[in-house]
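Q: turn this into a model:
(3 chains)
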Amino acid sequence: MTTETIGRRFHHLEVEANERMPECQLVLAPTTAEEAAAVLDAAAEHGLPVLFWGNGSHQGFGHRVETAIVISTERMNRIIEWSPADLTVVAEAGVRIGDLALRLLEENQTAVLPEAPVEATVGGVIASGQSGWGRLRYGPIRDRMLEVVLATGDGRVVRGGAPVVKNVTGYDLPRLATGSFGSLGLISRVALKLWPVGERAATVTVEAADRALAIAYRPLAVIEENGTARVYLTGTSAEVETQTAELSGTAVDGLDWPHPLAGETVLVVRVPAGLTGAATERVPSSWSYQAAFGVGEVRLAGPSEPAADLLATLRDWTATVGGAAVVERAPEALYEKVDPWGEPGPSLELQRRVKAAFDPLGICNPGRLPGKL
Amino acid sequence: MSLADDLAAFLGPGRVKTDPLERHVYARDGGLRTGPVEVIVHPRTTAEVVEIVRTARNHGSPVVARGAGTGLASGAVPTGPAVLVVLTRMDEIHEVDEASRTAWVGPGLINLELSQHIAPLGLHYAPDPSSQSICTIGGNVATNAGGPHCLADGTTVAHVLGIELVTVDGEVVMLGGAAPDPIGLDLRGVVVGSEGTVGVVTRVLVRLTEDAPATRTLLLAFGDTADAAATVSDTVAAGVIPAALEMMDRVMVGLIENWIHAGFPTDAAGVLLAELAGHPAAVEAEAEMLSNIAKANGALSARLAADADEAARWWKGRKGAFGAVAQRAPDYYLHDTVVPRSRLVDILGRVHEIAERHDLEVMNVFHAGDGNLHPLMPFDAAEPGTLERVQAAADEIVTASVEAGGTLSGEHGIGLEKRDLMSLVFSPVDLDAQARLREAFDPVGLFNPDKVLPAGSRCFDYGRPAPAQ
Amino acid sequence: MTGGWVTRDAPTPEELAACIHCGLCLPGCPTYRLTGEETASPRGRLSAMSAVADGIAAVDETFEEMMSFCLQCRACEVACPSLVPFGRAMEGARVELAAQRPSPTRRARGRLLGRRGLGSRPAVALVTMLAAIGQRLRAPRWLPGRLGGALGGLRPLPVRAPSTLSDTWEPLAARVGTAALLAGCVMDPWFAGVHTASIAVLRRAGYRVEVPAGQTCCGALAAHDGAADEARALAATNRQAFAGYDLIVADSAGCGAHLKEYESWAPGGEGWADRVRDITEVVAEAIADGRLPTQPETGTPVAMQDPCHLRHAQRIIEPPRAIVHAAGYTPVEIDPLAMCCGAAGVYSVLRPETSAELGGRKAAQVTATSARIVASANPGCEMQLRSHLGPGYRVAHPVELFAEAIE
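A: A predicted model of the protein is given here:
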């Protein structure tokens, strides 16, 4: 009944459900943070759970959420302000990362967001804390978060940070929102720090990733994919040429990134950077993997059948070295068998209180986070 | 038993100070204000900090953490009788993981000592505030400290991977860790830059940065600060991000030269100090490009540091700039606003116009590459009416920066100095949200109360209240 | 509580107002680095002085403890961008302590450091004789703690103290001028080798060397301890004794630093400070001019210890290195901060624990290198280093090393 009331009130925002969305009664696509806040306020009034949806690229993370309403960011898709001279861009949550990347390339700039899938949205990659391959050189996505506008779980529009590259004015909401999986509210708009794109780039296939990491100076990435190691370089022509020679591998021009992992189940192992190689040794031979050396992230894909056991084995190890093994994508059945996050960690109570500060009624993506927060 | 007696019971009398003169000495940090200190304690372990927090809470006394006391926003100055927790003796380097390029350190460790310790590994700790020779990692975490080299490498928050925090309940919570992207809400960013208001940081896991194989340091002199500012914008627009890009005006340069003979040109209106760090093949080309951009903008001279010693002398001069102001007058007012770097020329003009109108001297030394301004106004508070003029000019400068799309503080923090200006950049709803976030950590107002957020930030009228439980 | 100052030597409002609390003085301060306490830092000490000046704190026991913990090494002065004359302010605070917190021991110490003690040749000669006898009885082995240690730091002493006083030596090269040497109080009898070397090298550099009669102890230790009247009397005597000379040379860093600051103890017209030079300045200049020879490098390392009153008070850094290098050695750096070795005049006697901790640190910096010779241009540092390094190390004045090399 109550969803119908909301449906009538926000009829003008209603859009068709997408077949990949979870089952729900209502899909609304607000055009502004204020509209989203109004929807959240109404949902809060009726105690109805809400799930946020960009492109659905990263909905495989975390516990499954049962929702009444889906808020889609498809109509919040403007690049509001781009100041090439300041190396900053302000974009709405629904902007597709591929579109943003192409646009920024017009002035040879990049936000170092994930390279794929291009349909993923800015809001989605931020909410799920996904960084581009270039994080080895430019740091994780949280380091480019300058400002955020949130429509909170109790219907407020809250802004934190500022669209300048350096800031310690109040608490850092932009970083708090990064990787929050919609638990605080809808990330409506963000300001991101940009980097210039180097004049030249190269992909060098080398013998060993760890040795290459020691030789190369600030490469974009050092990735080992199923046993093949590649170093990704960018910079001035002279720098790329010299570094290529120093690595003594086989080089091709441009950045030949790995293709997104195929396989019905994708797991992510996160460990201290020095243990990246050790993590790859724990990948079963029937699984494919992509390991980001110097970062400590190994993503592996394979069949869902042994995934639960594999996850348990990996977690036994990550628990001893300080890290995690999480599910990025899997058939629904796996989520019933395993906790997609693993142990929630020691700060759960504090996290619960922080979520409550933004979403006091617990309607935003309820249960998604570790500890079913 | 008194608070001091309770504290001395487990710390021993030698590490608890209550003498009026000692309290007076601890009543001020690097900022302008003083505040009432009730007891000073010097813990050495996390367990002692836990006991201090519990004891203070039992006595209803606030807890204010302090490192070396070089903060410029009076962030470590209590506003009411408080326990001042001086963390300088928790200065261990617990563990260095060379392979992962991380280190666990105590909050009292001196920033520069960390870099010196790991130098043999070809690593350094990137944030380098001017006070790095004495400021502590814990203090850096509190203020999200920056420094010249944050232009390319980011401020403290980009270099803190894990935090051990003593909470209001006297519990020890570990946030983050060496593995990337810790699961759950990432609370590290809340603690960094929180100015001691969410707990006491007792251990920090920092990211270590690889030393650049090559460095070139350039000194560019200009006849007009606007030309210097234009050079900054053009450099970034050309796709070159120097490791550091600093500007000083003529007055500032003169004062620095009085102190140490850094070798800055004293006749230029503005001087840019630029450092290019990276692969040898890159820095050579970038240094040339920067020189050319400077010359195209009318630079009077462009000089490359002859050797590491000369570069070190230039940096020493730059980093002593604030202190040198006292040669001019006994007091000074310092800003830390940030503007989009494309607005630097405008805002510099505005700053000079405002100071002139209030009959005040102003000098500039700042992180030009970041758009982080540090206009300084020396004055003598003993002269009647001066303080009022300074305050008026200061408020106008902040307002002008905010109107240019900027913010209040880039690296010093809000503390007490800029607390009441927060409403210039945040709406009442924004401030309320920040107050609620703080409350989630500290519902009783134990940690460094009255800092960061202006009084009345927490408003119960915003948003839908949680159902009564 | 009543604060305020009572003497004319007290820290002045200008001296105190110059501090803006930036904290750049903290890194080099030995007592801050040992304790991590603001009350043991230059900034904290200035803040305490200001509290007294403003009448909100008294010259009480806590104030005395804060002030007397200071080594007066003046490393803070070098670091201070506001140019606070901390050494002067601290001397003023010590004078206030003497005036407001008098005690029999302080008075006795004042006499010991003044005209009837260090300023008296017979008194110094008597002490020298006793010490020399002590050395022959191997006293360092059985004397208790500090006294044994102090005696252990001394060079072997003659029972009858030598003296350079009233002597004159002609130059051994084309004459460039006359150098008037400060004989000092204990330099003459205890560090005769340094004087001998200084005189020999000055003569080779073309100076006629005179040791004017009528001179006395420079008064540095009295000034550092707040014995203002003694310090003034000694300074006045020396100003008179050295009145006619254009070049006054000290071969003890502590004495040279204090001589250069005589204007505040015995005013007598400008220009005095420019006439006073440390021996290392004069010798390094002569080496640079080619008036003194440079020996080929032997590769033997020499650890460079920078006396505070050479490096911080007089800002002399390069000359001793140039001299050691010209003597054929390879100067080895041991401490970029040039932190105090803990000798600090009478500090080693008054604060043995802190002094020993710093002495141990300094010795460790030396032993971390391959050097077995340490160059130090100050007698107090030399004794401290010798007693902390133990056998197997030689501690000498850089000019001594140079004099041997060109013999």
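Q: from here on, just use CA atoms for contacts and neighbour counts.
A: Noted.
Q: most centrally placed residue in the chain?
A: All of this is about chain A. For chain A, the residue whose C-alpha lies nearest the mean C-alpha position (Cα atoms, centre = their mean) is A:Gln130; its distance is 2.3 Å.
Q: let me rephrase: I mean chain C.
A: Nearest to the geometric centre of chain C sits C:Gly254, at 2.1 Å (Cα atoms, centre = their mean).
Q: give me the distance between that residue and chain B.
A: Counting by Cα to the nearest Cα, to the nearest Å, the gap between C:Gly254 and chain B amounts to 23 Å.
Q: cool, A:Gly371 as well?
A: 8 Å.
Q: now C:Pro301
A: Counting by Cα to the nearest Cα, the gap from C:Pro301 to chain B is 22 Å.
Q: for that residue, list each beta-bridge partner.
A: C:Thr330 (DSSP bridges).
Q: surely it is in contact with C:Glu333?
A: No - C:Pro301 lies out of contact with C:Glu333 (Cα atoms under 8 Å); the separation is 9.9 Å.
Q: these two: which has the busier surroundings?
A: Between C:Pro301 and C:Glu333, counting by other Cα atoms under 10 Å in any protein chain shown, C:Pro301 is the more crowded of the two (20 against 17).
Q: run through the residues that contact the closest residue to B:Gly270 other than its chain neighbours.
A: Leaving aside its sequence neighbours, B:Gly270 sits nearest to B:Asp249 (Cα to Cα, 6 or more residues apart in numbering or on different chains; 4.3 Å). When contacts are counted by Cα atoms under 8 Å, 6 or more residues apart in numbering or on different chains, B:Asp249 touches B:Thr225, B:Ala268, B:Ala269, B:Gly270, B:Val271, B:Met363, B:Asn364, B:Val365.
Q: look at the one residue in chain A that gets nearest to chain C and report its pLDDT.
A: Per Cα to the nearest Cα, A:Val168 is where chain A lies closest to chain C, at 20.2 Å. Predicted confidence (pLDDT) for A:Val168: 88.
Q: close enough to count as contact, it and B:Ala142?
A: No - between A:Val168 and B:Ala142 there is no contact under Cα under 8 Å: 9.8 Å.
Q: so what sits against both of these two?
A: Joint contacts of A:Val168 and B:Ala142 (Cα under 8 Å, 6+ apart) are B:Gly193.
Q: rewinding a little: of the contacts of B:Asp249, buried ones?
A: In terms of neighbour count (16 or more other Cα atoms under 10 Å in any protein chain shown), the buried residues within those are B:Thr225, B:Ala268, B:Ala269, B:Gly270, B:Val271, B:Met363, B:Asn364, B:Val365.
Q: relative to B:Leu220, how far out is the third one?
A: As judged by Cα to Cα, to the nearest Å, B:Ala269 and B:Leu220 stand 11 Å apart.
Q: quick one, helices of the stretch 1-150 of chain A?
A: Applying DSSP state H, counting those that start in this stretch to the stretch 1-150 of chain A gives helices spanning A:2-9, A:33-46, A:97-105, A:122-127, A:135-138.
Q: tell me which residue of chain C lies closest to chain B.
A: C:Pro81 (4.3 Å).
Q: how far away is that residue from C:Ile20?
A: For C:Pro81, the distance to C:Ile20 - Cα to Cα - is 10 Å.
Q: ok, the two, which is more surrounded?
A: Taking neighbours as other Cα under 10 Å, C:Pro81 and C:Ile20 compare with C:Pro81 leading, 30 against 26.
Q: pLDDT score for that one?
A: As predicted, C:Pro81 sits at a pLDDT of 85.
Q: what helix or strand is it on?
A: Per DSSP states H and E, C:Pro81 falls between elements, in no helix or strand.
Q: need the phi and psi values for it.
A: Backbone geometry at C:Pro81, expressed as degrees, to the nearest 10, gives phi -70, psi -20.
Q: nearest spatial neighbour of residue 355, skipping sequence neighbours?
A: All of this is about chain A. Take A:Lys355 and drop its neighbours on the chain: the residue closest to it by Cα to Cα, 6+ apart is A:Leu184, 5.6 Å away.
Q: oops, wrong one, chain C.
A: Distances taken as Cα to Cα, 6+ apart place C:Gly342 nearest to C:Ser355, at 4.2 Å, with adjacent residues excluded.
Q: list the contacts for that neighbour?
A: Contacts of C:Gly342 by Cα under 8 Å, 6+ apart are C:Leu71, C:Ser348, C:Thr354, C:Ser355, C:Ala356, C:Glu357, C:Leu358, C:Gly359, C:Cys381, C:Gln384.
Q: tell me how many other residues crowd B:Glu210.
A: When counting by other Cα under 10 Å, one arrives at 16 neighbours for B:Glu210.
Q: if we can go back for a sec, which ones among the buried ones among the contacts of B:Asp249 map onto strands?
A: B:Gly270, B:Val271, B:Met363, B:Asn364, B:Val365 (DSSP state E).
Q: quick one on the thing from earlier: including pLDDT, could the buried ones among the contacts of B:Asp249 go into JSON lines?
A: Formatted as JSON lines, the buried ones among the contacts of B:Asp249 follow (pLDDT from 0 to 100):
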{"residue": "B:Thr225", "pLDDT": "88"}
{"residue": "B:Ala268", "pLDDT": "93"}
{"residue": "B:Ala269", "pLDDT": "92"}
{"residue": "B:Gly270", "pLDDT": "92"}
{"residue": "B:Val271", "pLDDT": "95"}
{"residue": "B:Met363", "pLDDT": "91"}
{"residue": "B:Asn364", "pLDDT": "89"}
{"residue": "B:Val365", "pLDDT": "89"}
